[in-house]
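[1] next input, structure requested:
(one chain, ligands or ions: 1)
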Amino acid sequence: MKNSQVFDYQDIISSILEQLPDMVCEADVVEYIKTNKISLNGDGKGVQAVLNFFQNGLYVNGKTVDEKVSFETEDGRVKIYQQDVLTFLKSLPSYSIDLIITDPAYSGMNQRLKLGKGKIIGKYKDKGDGAKWFDEFHDTEENYNAFLAECSRVLKPNRHIFIMFDSYSLLSLAPMLRETFEVKNILVWDKQHIGLGHYFRRRHEFIVFASKGKRHLTAKNIPDVWRIKRVTNFKYPTQKPTEVFEMMIASSAEKDFVVCDPFLGSGSSAIASLKRGCKFIGCDIASSSIETTTNRVKWYLENGTDTLQPNSLVDDKEIKSILTNG
Ligand SMILES: C[S@@+](CC[C@H](N)C(=O)[O-])C[C@H]1O[C@@H](n2cnc3c(N)ncnc32)[C@H](O)[C@@H]1O
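    Numbers count the residues shown, from 1 in each chain. Next comes the predicted model:
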């Protein structure tokens, strides 16, 4: 359907919008009609299809996703699901997410390079729910492609995605992003102190920044190296500083954006979203993650403090200024 045709149907679209909650905006409705080539002529089936879509799932506490919600704040701004990443993403409506920020549990490094072996945290053979390690996303090409395709489907047009990578997955999986998204930058999270590692000791992780369509960053002076100290006394394996996710949000999002992290872990991305006035929806396969995140978010909302990361991990002036003013 062309723009001019949508315009002809303005009255019908207005009447659809009247029947939907305020949070559904006209642009999303028009986009949905255009993408799905829905006809608004004739017997009203098209109108009904649009109403069904926007009255379900994420938009209005509908049934598709929400029956499985593990935790939801009273105002619905934070929703957490205990689900596998693909099941979760498939249950979200298309064009329902404004920003994806995520730190997947890659299996490649352990399984193919035989590195790690759980020496970093616990024993690899102990992995699984409740153990010191956690289940990993089986990152075959097929699974990873399916993951990226779902990310693209749920993301609204002209929006960003940030995905974290270790050195191995950056070489093996990150190139696949170019088939689904427009890769714009490879960012480095500099942890400022060396950790474990073979040969050179690891001090960084990568974040691939990509877009679906066109979208500017919120500022023009953001560097591609983020100096943020690592979490040392972590309560959850591979707990990341909230500021790493805050930087992603600060550089892309507007207030009330729906931010999504389908590999939630300790919920650092959820806390970062709250700090920046965004809505949040996420999932993790492990019940320990859901419990940790639920308690962390509840406490943060009631007391304004972060139980898992009480203090800022940023002393770099440039990063501090972006987080304060961005
Ligand atoms: C690297 S951790 C995320 C850490 C998180 N960014 C934080 O700051 O705490 C990856 C998470 O992915 C989860 N995970 C593994 N396989 C998954 C799957 N198939 N679906 C959803 N989550 C999965 C793990 O339970 C783990 O919590």
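[2] tell me the SS of the residue in the chain that the ligand sits nearest to?
    For the chain and the ligand, the shortest gap (Cβ to the nearest ligand atom) falls at Gly265, measuring 2.4 Å. C-beta: built from backbone N, CA, C; applies to glycine. Here Gly265 takes the coil state, with states given by DSSP: H, G, I helix; E, B strand; the rest coil.
[3] what about it, how many residues nearby?
    26 (other Cβ atoms under 10 Å).
[4] repeat for the one 10 residues further on
    Lys275 is surrounded by 18 other residues when neighbours are defined as other Cβ under 10 Å.
[5] ok, which stretches of the chain are helices?
    Using DSSP state H, the helices found in the chain span residues 3-8, 10-18, 26-35, 45-55, 63-66, 85-91, 108-111, 141-154, 167-172, 177-180, 242-252, 268-275, 287-303, 317-325.
[6] comparing the ones you listed, which yields the minimum mean pLDDT?
    Lowest mean pLDDT within those: helix 63-66, at a mean of 43.
[7] ok, the nearest residue to Ser266 once chain neighbours are set aside - contacts?
    With sequence-adjacent residues excluded and distances taken as Cβ to Cβ, 6 or more residues apart in numbering, Ser266 is closest to Tyr236, at 3.5 Å. Contact analysis of Tyr236 by Cβ atoms under 8 Å, 6 or more residues apart in numbering lists 265-266, 288-289, 292, 308.
[8] go again with 10 Å.
    121, 134, 264-268, 284, 286, 288-289, 292-293, 296, 308 (Cβ atoms under 10 Å, 6 or more residues apart in numbering).
[9] ok, and the most crowded of the residues you listed?
    Most surrounded of those: other Cβ under 10 Å gives Gly267, at 31 neighbours.
[10] isn't that residue right next to Ala286, touching?
    No: counting by Cβ atoms under 10 Å, Gly267 stays clear of Ala286, with 11.8 Å between them.
[11] report the set of residues contacting both of these two.
    Joint contacts of Gly267 and Ala286 (Cβ under 10 Å, 6+ apart) are 236, 292.
[12] roughly how far does Gly195 sit from Asn143?
    The gap separating Gly195 from Asn143 is 27 Å, by Cβ to Cβ, to the nearest Å.
[13] which of the two has more residues huddled nearby?
    Asn143 (15 against 11).
[14] you'd agree the more buried one is up against Leu89?
    No: Asn143 is beyond contact range of Leu89, at 11.9 Å (criterion: Cβ under 10 Å).
[15] pop the domain breakdown of the protein in here.
    3-55, 61-325 (automatic domain parsing).
[16] tell me the most buried of those?
    Sort those by mean neighbour count, taking mean count of other Cβ atoms under 10 Å, and domain 61-325 sits at the top with a mean of 18.
[17] got the phi/psi numbers for the most far-flung residue of the chain relative to its centre?
    Within the chain, the residue lying farthest from the chain centre (Cα atoms, centre = their mean) is Gly42, at 39.2 Å. Here is the backbone geometry of Gly42 (degrees, to the nearest 10): phi 70, psi -130.
[18] how much space between it and Asp103?
    Taken as Cβ to Cβ, the span from Gly42 to Asp103 is 47 Å.
[19] then Thr238?
    Going from Thr238 to Asp103 by Cβ to Cβ gives 7 Å.
[20] ok, Ser167 touching Arg202?
    Yes: the criterion here is Cβ under 10 Å, and Ser167 meets it with Arg202 at 7.7 Å.
[21] can you list the helices of the chain in JSON lines and add distance to the ligand?
    Formatted as JSON lines, these follow (distance: least, Cβ to the nearest ligand atom, whole Å):
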{"stretch": "helix 3-8", "distance to the ligand": "37"}
{"stretch": "helix 10-18", "distance to the ligand": "34"}
{"stretch": "helix 26-35", "distance to the ligand": "26"}
{"stretch": "helix 45-55", "distance to the ligand": "25"}
{"stretch": "helix 63-66", "distance to the ligand": "15"}
{"stretch": "helix 85-91", "distance to the ligand": "4"}
{"stretch": "helix 108-111", "distance to the ligand": "11"}
{"stretch": "helix 141-154", "distance to the ligand": "9"}
{"stretch": "helix 167-172", "distance to the ligand": "11"}
{"stretch": "helix 177-180", "distance to the ligand": "18"}
{"stretch": "helix 242-252", "distance to the ligand": "8"}
{"stretch": "helix 268-275", "distance to the ligand": "4"}
{"stretch": "helix 287-303", "distance to the ligand": "4"}
{"stretch": "helix 317-325", "distance to the ligand": "17"}
